[in-house]
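Engineer: Show me how the following folds:
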Amino acid sequence: MTKISFNIYHNPRCSKSRKALEILNSKTKDFKIIKYLENGIDIIELASLLDINNISKEEIIRTNEDSYKELKLTKKDLSKDAIINLIYKFPILLQRPIICKYKNNKLVQSVIGRPPETVLGLFD
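Structural biologist: Take a look at the predicted model:
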């Protein structure tokens, strides 16, 4: 039997994140909320998000954050590893929300919940 579960990288202060969580909660109860700003990010899972599907290194980083501008990242062509390390050190740079789908504890799909209804694609 296949076990399906989800993780949501959630920022409670973000309206899109709250809406995506609401949609996820309406579809399943088998999910874990990761408050990455409070608890940090698992760097291995972060790398996996970029490896498994269509989330690009450009999409996963929030370029409108003050810290992005303060680090003068706008003029740099950052590698995937550099972006992973930046988000690990500065979790505020993670695009949100990100919802990850697991089958039998293996990450198989993830989406950025912008717009929040993107979450529904994980249930097709």
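
Engineer: could you pull out the strands for the chain?
Structural biologist: Assigned strands in the chain, in chain order: 4-9, 31-34, 98-103, 106-112 (criterion: DSSP state E).

Engineer: Tell me the bridge partners for residue 4.
Structural biologist: Note on residue 4: beta-bridge partners residue 103, judged by DSSP bridges.

Engineer: got the contact list for it?
Structural biologist: Residue 4 makes contacts with 28, 30, 101-103, as judged by Cβ atoms under 8 Å, 6 or more residues apart in numbering. C-beta here means a position set from N, CA and C on the backbone, and glycine is covered the same way.

Engineer: how about the helix or strand of the chain with the lowest mean pLDDT: buried residues?
Structural biologist: Within the chain, no helix or strand scores below helix 43-52, which has a mean of 86 by mean pLDDT, DSSP states H and E. Residues of helix 43-52 classed as buried by neighbour count (16 or more other Cβ atoms under 10 Å): 46-47, 49-50.

Engineer: Need these in JSON lines (columns: distance to residue 79).
Structural biologist: Output for the buried residues of helix 43-52, formatted as JSON lines (distance: Cβ to Cβ, whole Å):
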{"residue": "46", "distance to residue 79": "14"}
{"residue": "47", "distance to residue 79": "12"}
{"residue": "49", "distance to residue 79": "16"}
{"residue": "50", "distance to residue 79": "11"}
